[in-house]
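A.B. asks: Need a 3D model of the following:
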Amino acid sequence: MLRAVIFDLYDTLVDYDEATSRAFSESIADLLGRPREEFAAVWREGRPLRETGPLAPYLRALGLDEKQAAAVTARRLEWTRQLLSRPRMGAVETLQGVRALGLATGLITVCSEDLPLIWNETALAPLIDVAVFSCSVGLRKPDPRIYRLTCKRLKVEPEDAIFVGDGANDELAGAERVGMQAILIHRDGDAAAADQFGGTRITSLSQLADLLA
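C.D. replies: Numbering: from 1, shown residues only. You can find the predicted model right below:
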């Protein structure tokens with residue numbers, strides 16, 4: 001019996017702009033006086049570290065002093081705050097609709113520490129019963145433990161939950177491997193992160209209501 005719907009965040013409830021992300025990386029490179037392309041590569045390679053633990057040790061490992069680390073952290077917080085200030089069209093209404101059906105709502109997102117620091121400021125936070133951040137639990141999708149942990153905190157079995165996401169990080173197959181049903185949200189023009197996914201697909205969050213009704 002369906003008891004919970006668990007969502008991905010980026011490119012599911014919030015649009016992720018790759019150009020904006022690149023501009024952020026370039027701004028940090030400029031702040032530190034480093035070549036942009038060189039720093040972008042280092043920043044990309046460091047994702048597993050900063051997405052499974054606190055940000056400060058990662059920044060120190062890059063050779064930043066305390067003042068530089070504080071400046072980067074502040075800029076990262078503001079970047080994330082702006083990104084989350086604009087939920088995807090229909091996101092708030094969809095979460096409200098899921099809860100109106102008596103279903104619990106969850107979130108699993110791969111992120112760095114800036115996200116949980118500002119999460120409670122967002123319009124999405126009050127509508128999510130359990131939010132699991134990779135940096136806080138030391139696990140990233142598609143590790144089966146992060147799905148099971150979320151279900152445990154929601155007090156549901158994986159078989160009684162649906163996972164909705166855009167397919168990045170092998171998240172849909174990861175959800176299915178622990179017994180969850182997975183739904184791909186794939187809009188026209190989106191990068192084909194889940195071309196091989198053979199399950200249920202929707203092209204907008206508003207379509208989820210029809211599947212749950």
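A.B. asks: downstream neighbour of the helix or strand of the chain with the lowest mean pLDDT in the secondary structure list?
C.D. replies: Taking mean pLDDT, DSSP states H and E as the measure, the chain has helix 18-32 as its least confident helix or strand, at a mean of 85. For helix 18-32, the following helix or strand on the C-terminal side (DSSP states H and E) is helix 36-45.
A.B. asks: gap between that next one and the chain center?
C.D. replies: From the chain centre to the centre of helix 36-45 is a distance of 21 Å (C-alpha atoms, centre = their mean, to the nearest Å).
A.B. asks: quick one: average confidence on the following helix or strand past that helix?
C.D. replies: Later in the chain than helix 36-45, the nearest helix or strand by DSSP H and E is helix 47-50. Averaging pLDDT along helix 47-50 gives 92.
A.B. asks: which residues are in contact with the helix or strand that helix 47-50 is followed by?
C.D. replies: Note on helix 47-50: by DSSP H and E, the next helix or strand toward the C-terminus is helix 55-61. Residues outside helix 55-61 that contact it (C-beta atoms under 8 Å, 6 or more residues apart in numbering): 46, 49-50, 68-69, 72-73, 76, 112-114, 135. From N, CA and C alone the C-beta is placed, and that goes for glycine too.
A.B. asks: Quick one: mean pLDDT over the strand or helix carrying residue 210.
C.D. replies: Per DSSP H and E: residue 210 is located in helix 206-212. The pLDDT scores in helix 206-212 average 91.
A.B. asks: Can you show me the CA trace of the least confident helix or strand of the chain as PDB?
C.D. replies: Extracted C-alpha coordinates of helix 18-32, given in PDB (Å, rounded to 0.1, in the frame of the first residue of the first chain):
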ATOM      1  CA  GLU A  18      24.400  24.400 -15.400                       C
ATOM      2  CA  ALA A  19      25.400  27.800 -16.800                       C
ATOM      3  CA  THR A  20      24.700  29.300 -13.300                       C
ATOM      4  CA  SER A  21      26.800  26.600 -11.700                       C
ATOM      5  CA  ARG A  22      29.700  27.300 -14.100                       C
ATOM      6  CA  ALA A  23      29.400  31.000 -13.300                       C
ATOM      7  CA  PHE A  24      29.600  30.200  -9.600                       C
ATOM      8  CA  SER A  25      32.800  28.100 -10.100                       C
ATOM      9  CA  GLU A  26      34.300  30.900 -12.100                       C
ATOM     10  CA  SER A  27      33.500  33.500  -9.500                       C
ATOM     11  CA  ILE A  28      35.200  31.300  -6.800                       C
ATOM     12  CA  ALA A  29      38.300  30.800  -9.100                       C
ATOM     13  CA  ASP A  30      38.500  34.600  -9.500                       C
ATOM     14  CA  LEU A  31      38.100  35.100  -5.800                       C
ATOM     15  CA  LEU A  32      41.000  32.800  -5.100                       C
END
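A.B. asks: burial count for residue 152?
C.D. replies: The local packing of residue 152 (other C-beta atoms under 10 Å) involves 13 other residues.
A.B. asks: where does this structure dip in pLDDT?
C.D. replies: By pLDDT under 70, the weakly predicted segments of the chain are 188-195.
A.B. asks: give me that answer again for 80
C.D. replies: 17-18, 187-196, 213 (pLDDT under 80).
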